[in-house]
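S.K.: Here is a sequence with its predicted model. Questions after.
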Amino acid sequence: MIEVEDVNFVYPNRVEALRDVSLVIKDGEFVAIMGQNGAGKTTLVKHFNGLLKPSKGVVRVDGVETTKTSVAALSRNTGFVFQNPDNQLFSETVEEEIAFALKNFGFEEEVIKKRISWALNLLGLTQYRETSPFLLSGGERKRVALASVLSWNPKTLILDEPTIGQDYQQKEKLRQFIVQMQAQGKTVIIVTHDVEFVAECSPRVLLMKEGRIVADGEGREILTTPEVLAQSSIVLPQIAQIFMKLAPLGLPKNVIDVYEAKEMVLKTLEKRRK
Amino acid sequence: MAIIETKNLTYIYPGGRKPSISDISIKVEKGEFVLITGPSGCGKTTLCRCFNGLIPHFYQGELKGEISVAEMDITKHQTHKMAKHVGLVFQNPENQLFALSIEKDVAFGLENLGLPREEIRKRVDWALKQTDIYDLRERSPHEVSGGQQQRVAIAAVLAMQPEIIVLDEPTSFLDPLSAEKIFEVIRELNKKLGITVVLVEHRLDLTAKYADHIIIMDEGKVCFDGDPREILGTEETRLIGVGIPKATLLFQMLKKEGINLSNVTPLSSEELATLLLEAFKNA
Amino acid sequence: MSVFDGLKFRKVYSPIHNLDPRVKFIYVCVVFVAAILFGEILPLLALFLMSLPFVLLAGVQKEWLRSLRGAAFLATFIFLVNIASSFFTSGYVLTAASVESAAAMTLRFVVLVESFSVFFLTTSPDHLGLALEQSRVPYEFAFAFTTAVRFVPVLAEEAQTIMDAQKARGLELEKGGILKRIRNYVPVLIPLIVSAIRRSLELAEAMESRAWGATKKRTNLYALKFHRGDFALLAVNVALVAVAIYVRLYLPVPTLSQLFWV
């Protein structure tokens, strides 16, 4: 469980990145943190594994204050996948890349070998075990980064802008992957500005603006309230845009899923015909 | 004559085993807004680099087939010659700005061409105003947002007054609102100044409505080439893995259930909403 | 990150910052030559104090004092070496003259360091790059310089991100003996280098696409023009050279001991 109490954070160059932020993320939740670039999303999640410590206020992970423990210790339970996989790839083979963290965390040789096979398999990378990560494509490198974080099986997974540069199929795979992680009971936190992706996943949404949390609730409610979204410079998902325009005819406004939209339209047409 | 024309264009990167693009035969007319899309690795980035001569001059490798851009055979002209006719805007905003101030960056290409100072100043100011960043001209590129940086890149290319501007996934790193602003700038350039625009993008929900012409690629080949409304309305496009606009998807799904809202495929939420309102009224 | 803060140049508008960098550079060279001409404390002190009005007018006192502190270590070393050598060569005798001469050598070093420091503190990289472009330096070098400066903050941020990413995989940079600590930096250096190479490739593409190399006669958006202040400084430079040469050739320069014990 992650508890954030009245946290303020100021960068060394005096930029106030977080103001009076308080929230609780329970185990097993799926949360999307959204907002404009510079709203403080990445700053906030960096507090969850101790990379940043609050200037004021307290952050507690599983009851332990982050200031009282190390990043390595916190990372053991909270895996952080950075936006750009090239910021972490350095090994000669994919296998070594995944082994890196496992060695750092003190896993034993046999366990390391098993974990590597498991992670490679999970992300469809088994054929690249002996390949240099630098020779893989952009999407494959992203999967290697993800595999290396999953390998130590953290119970919380933080993904920073996982959809950037991905095509539609890759995003679909990512969405299914998150569903899988959730099914395993993991807490999944994504930082993103991709409304369409969030609309398809329908998580809890935390909306940030200028270092504050301006909205916190169910995806379908927040993503269909234009006044709230406009504050954070987020665009409504397309389906929501359509239903906004249909509202005068009495259709519900909080539709963000395309299948639900279809059902709604068919129902309404039937009703009107009668 | 078409402003871009290729016949059986095939290219293999040096040391590559199979071609990144094969047998590409396309025509782009002057003043068109062309959208090129397709799953990752389909060759769209490679194709872009053929339009301004980076392929074959910068990348070497094997280029086969014919290609003419702005009535010039790119294999016979150096990249710096092509730069006057074709501008290329890249994906990463940070890595295409090198000067210490924004207006110096916009002037870079013009300085390279050896234009007189007054002409450079005129064109720089004009390009900055066209992209609505005139107030930022003395700032450093690092101080401004990603969206503003991309506008600087567009201004820098615009200042050279090319007939064609090619943009390779220019909004990958930007949030949807900044992306929309960029697309609006691009659209203005196309409509007001008549510049031919070739846009490579995944985000069809934001861009399909602007395109006159769409080219869909997969595995190095062209799969679909033509009118966006015709092509995005078909089942096949979705099956390749192209993310069609949700409005179009909903339209298709309703069509499958027997509800044919129109003969013209909608590409934006406004268009579909209008069709739905009509359908509800007439029910 | 505080180390990198100093590299983020702020746009300052002081009369000294606005002086043409080429003239300022000539000033530095003149001070350099004058410092070498004189081995006596008084003229060196005069050269040292001459920097002060520039420092104060430019408002860079804090940074200038900081660079003085940086030079202090080496300056002390030079002083001690000089004292020691005159001590041993004059038969274990320490005279006022030898102390003064050691102090003069130290002061010469300080003057040289400080004049360069004043130059860099009062010249923004934009200005410096522009001066390089408009002098006889080949454009490639001026470009390499300004591009390097432009990307310093970018690389600094990236280094920080890479360290964060590896820390989040259990890398503990602070732990272990010297050898282990050095090895710990491999996962930070390699991504940084690879990213720098990738970045250069993208930059090269962008440069090519904007007509790099189209003509050898490259023009410039800006032109560095000499203003009144520049002519004034140029005059000061000429005067300084003249005075220095005259004094050296025709006037005896008293040492401090001569002044005070006579």
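M.R.: Structure's in. What do you need? This is a predicted model, so every value here is computed, not measured.
S.K.: can you map out the helices along the chain?
M.R.: Chain wasn't specified; assuming chain A. Ranges of helices in chain A, per DSSP state H, are A:41-45, A:71-75, A:94-104, A:109-122, A:138-150, A:168-183, A:195-201, A:219-222, A:226-231, A:238-246, A:258-273.
S.K.: I was thinking of chain B, sorry if that wasn't clear
M.R.: Secondary structure of chain B (DSSP H): helices at B:44-51, B:79-82, B:102-112, B:117-130, B:146-158, B:176-193, B:204-207, B:228-232, B:235-240, B:246-256, B:269-282.
S.K.: nearest to residue A:10, of those?
M.R.: helix B:146-158 (23.2 Å; Cβ to Cβ). No exception for glycine: its C-beta is placed from N, CA and C like everyone else's.
S.K.: How about residue 168, nearest residue that isn't a chain neighbour?
M.R.: Here I'm looking at chain A. In space, and not counting its chain neighbours, residue A:168 is closest to residue B:243: 3.0 Å by Cβ to Cβ, 6 or more residues apart in numbering or on different chains.
S.K.: should've been chain C
M.R.: Leaving aside its sequence neighbours, residue C:168 sits nearest to residue A:80 (Cβ to Cβ, 6+ apart; 4.2 Å).
S.K.: Surely that neighbour touches residue A:158?
M.R.: Yes. Applying Cβ atoms under 8 Å, one finds residue A:80 in contact with residue A:158, separated by 4.7 Å.
S.K.: Which neighbours do these two have in common?
M.R.: A:45, A:48, A:49 (Cβ atoms under 8 Å, 6 or more residues apart in numbering or on different chains).
S.K.: among these, which are within reach of chain B?
M.R.: By Cβ under 8 Å from any Cβ of the partner chain, no member of the shared contacts of residue A:80 and residue A:158 lies near chain B.
S.K.: Redo the residues you listed as TSV? Include pLDDT and neighbour count.
M.R.: Shown next, in TSV, are the shared contacts of residue A:80 and residue A:158 (pLDDT from 0 to 100; neighbours: other Cβ atoms under 10 Å in any protein chain shown):
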residue	pLDDT	neighbour count
A:45	96	22
A:48	96	21
A:49	93	27
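S.K.: Just the closest of those residues to chain B, please.
M.R.: residue A:45 (16.6 Å; Cβ to the nearest Cβ).
S.K.: Look up the closest residue to that closest one, ignoring the ones flanking it.
M.R.: Leaving out its chain neighbours, the residue that sits closest to residue A:45 by Cβ to Cβ, 6+ apart is residue A:158, at 5.2 Å.
S.K.: Mind telling me which of the helices of chain B the model trusts least?
M.R.: Mean pLDDT values for these show the minimum at helix B:235-240, a mean of 78.
S.K.: hmm, who's touching that helix?
M.R.: Contacts for helix B:235-240 (Cβ under 8 Å, 6+ apart): B:38, B:39, B:216, B:218, B:223, B:224, B:231, B:244, B:249, B:252.
S.K.: Could you let me know which of those ends up closest to residue C:226?
M.R.: residue B:38 (56.9 Å).
S.K.: shouldn't the closest one be in contact with residue B:224?
M.R.: No. In this structure residue B:38 lies outside contact range of residue B:224 using Cβ under 8 Å: 9.2 Å.
S.K.: of these two, who's got more company?
M.R.: residue B:38 (26 against 21; other Cβ atoms under 10 Å in any protein chain shown).
S.K.: okay, now the residue of chain B found nearest chain A: neighbour count?
M.R.: In chain B, the residue that lies nearest chain A is residue B:243 (3.0 Å; Cβ to the nearest Cβ). Using other Cβ under 10 Å, residue B:243 is surrounded by 22 other residues.
S.K.: isn't it right up against residue A:167?
M.R.: Yes. Residue B:243 is within contact range of residue A:167, at 7.0 Å (criterion: Cβ under 8 Å).
S.K.: returning to what we had before: what's the closest of the helices of chain B to residue C:121?
M.R.: Closest to residue C:121 of the helices of chain B, according to Cβ to Cβ: helix B:102-112, at 22.4 Å.
S.K.: Dig out what residue B:217 forms beta bridges with.
M.R.: residue B:222 (DSSP bridges).
S.K.: Please name the residues that touch it.
M.R.: Counting by Cβ under 8 Å, 6+ apart, residue B:217 makes contact with B:21, B:36, B:37, B:38, B:42, B:43, B:44, B:47, B:223.
S.K.: Which one of those residues is nearest to chain C?
M.R.: Using Cβ to the nearest Cβ, the contacts of residue B:217 come closest to chain C at residue B:47, 14.7 Å.
S.K.: tally of neighbours for the nearest residue in space to the closest one that is not next to it in sequence?
M.R.: Spatial nearest neighbour of residue B:47, chain neighbours left out: residue B:21 (5.6 Å); criterion: Cβ to Cβ, 6+ apart. Other residues near residue B:21 come to 26 when the count uses other Cβ under 10 Å.
S.K.: With residue C:134 instead?
M.R.: By the criterion of other Cβ under 10 Å, residue C:134 has 16 neighbours.
S.K.: Residue A:105 versus the closest residue to it other than its chain neighbours, what's the distance?
M.R.: The shortest distance from residue C:134 to any non-neighbouring residue, by Cβ to Cβ, 6+ apart, is to residue C:224 (5.2 Å). Residue C:224 sits 57 Å away from residue A:105, taking Cβ to Cβ, to the nearest Å as the criterion.
S.K.: residues in contact with residue 48?
M.R.: In the absence of a named chain, chain A is used. Taking Cβ under 8 Å, 6+ apart as the criterion, residue A:48 is in contact with A:2, A:59, A:61, A:66, A:74, A:78, A:80, A:156, A:158, A:189.
S.K.: that's the wrong chain, I meant chain C
M.R.: Residue C:48 touches C:107, C:110, C:111, C:114, counting by Cβ under 8 Å, 6+ apart.
S.K.: Please verify my assumption that the last one contacts residue C:67.
M.R.: Same thing as residue C:114. Yes. At 7.3 Å, residue C:114 and residue C:67 qualify as touching, with contact defined as Cβ under 8 Å.
S.K.: Counting neighbours, go ahead and name the busier of the two.
M.R.: A count of neighbours by other Cβ under 10 Å puts residue C:114 above the other of residue C:114 and residue C:67, at 22 against 17.
S.K.: pLDDT score for the more buried one?
M.R.: 87.
S.K.: How about it, nearest residue that isn't a chain neighbour?
M.R.: The spatially closest residue to residue C:114, leaving aside those adjacent along the chain, is residue C:51, at 5.6 Å (Cβ to Cβ, 6+ apart).
S.K.: how many neighbours does that neighbour have?
M.R.: With other Cβ under 10 Å as criterion, residue C:51 counts 18.
S.K.: ok, the closest residue to chain C within the stretch 151-274 of chain A - contacts?
M.R.: Using Cβ to the nearest Cβ, the closest approach of the stretch 151-274 of chain A to chain C is made by residue A:152 at 7.9 Å. For residue A:152, the contacting residues are A:76, A:79, A:101, A:102, A:105, A:107, A:115, C:170, by Cβ under 8 Å, 6+ apart.
S.K.: tell me the SS of the last one?
M.R.: In terms of secondary structure, residue C:170 is coil; the call rests on DSSP: H, G, I helix; E, B strand; the rest coil.
S.K.: Which positions in the stretch 51-200 of chain B make contact with chain A?
M.R.: Counting by Cβ under 8 Å from any Cβ, the stretch 51-200 of chain B sits next to chain A at B:91, B:145, B:146, B:169, B:172, B:173, B:174, B:175, B:176, B:177, B:178, B:180.
S.K.: Give me the number of neighbouring residues for the first one.
M.R.: In terms of burial, residue B:91 registers 18 neighbours under the definition other Cβ under 10 Å.
S.K.: Check residue C:91 too.
M.R.: Neighbour tally, residue C:91, other Cβ under 10 Å: 6.
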